[in-house]
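Asker: heads up, no residue letters with this:
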């Protein structure tokens, strides 16, 4: 299994012999990163905003999930849990958190989460081995709130997203603030995260990815 970050909240998750997922593709004019050109079997979007729902950047998908529910696609069990936390003047911009369960690892993509989920919402997500968590504020979780969410999910691995990088055009905090809140020292950035065996419960580790593209 390989998890690759393309900036903002966009990830691609691949596993040999199983469906490929792209989550939360962005409009580069909004996010500031280079334009995406991705392929996937499954596309998911958490919020109906340009930073999370730019489906035109993804080709080849046969399933497009953009709301709550339970699904089994390409050998992957997917759970979507909606939090009605965002409202705009012209549409509902609620956030959907997704868990992609590949068997050996269950990956939670929290989208543009703004607030700490309640216990019912946490329980609805089920077991989480790897959590993709917004940490930079700017309309999503602050570093302190992100740490609180991590403590509730108790994943084996946390991958921070939606934080300030040289490419982003948004006013976000750097990942260093989140690392400090987590009590983590210097980390070596990885180009992607490769999981080769089943994850077991234990101390939560933080993996910071370099954005690709």
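Answerer: Structure received. All values reported here derive from a predicted model rather than from experimental measurement.

Asker: If you rank every helix and strand of the protein by mean pLDDT, what lands last?
Answerer: When each helix and strand of the chain is scored by mean pLDDT, DSSP states H and E, helix 28-31 comes last, with a mean of 84.

Asker: Contacts for that one next, please.
Answerer: 7, 8, 34, 35, 36, 50, 51, 54, 57, 168, 169, 170 (C-beta atoms under 8 Å, 6 or more residues apart in numbering). Placement of C-beta: from N, CA and C, glycine included.

Asker: What subset of those residues is buried?
Answerer: Among the contacts of helix 28-31, those classed as buried by 16 or more other C-beta atoms under 10 Å are 7, 8, 36, 51, 54, 57, 168, 170.

Asker: Report the two of these separated the most.
Answerer: 57 and 170 (17.8 Å; C-beta to C-beta).

Asker: In a markdown table: the contacts of helix 28-31, plus pLDDT, distance to residue 103 and secondary structure.
Answerer: Below are the contacts of helix 28-31 laid out as a markdown table (pLDDT from 0 to 100; distance: C-beta to C-beta, whole Å; DSSP: H, G, I helix; E, B strand; the rest coil):
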| residue | pLDDT | distance to residue 103 | secondary structure |
| --- | --- | --- | --- |
| 7 | 94 | 28 | coil |
| 8 | 94 | 28 | coil |
| 34 | 89 | 33 | coil |
| 35 | 91 | 33 | coil |
| 36 | 94 | 28 | coil |
| 50 | 89 | 34 | coil |
| 51 | 89 | 30 | coil |
| 54 | 94 | 30 | coil |
| 57 | 96 | 28 | helix |
| 168 | 84 | 34 | coil |
| 169 | 64 | 38 | coil |
| 170 | 77 | 35 | coil |
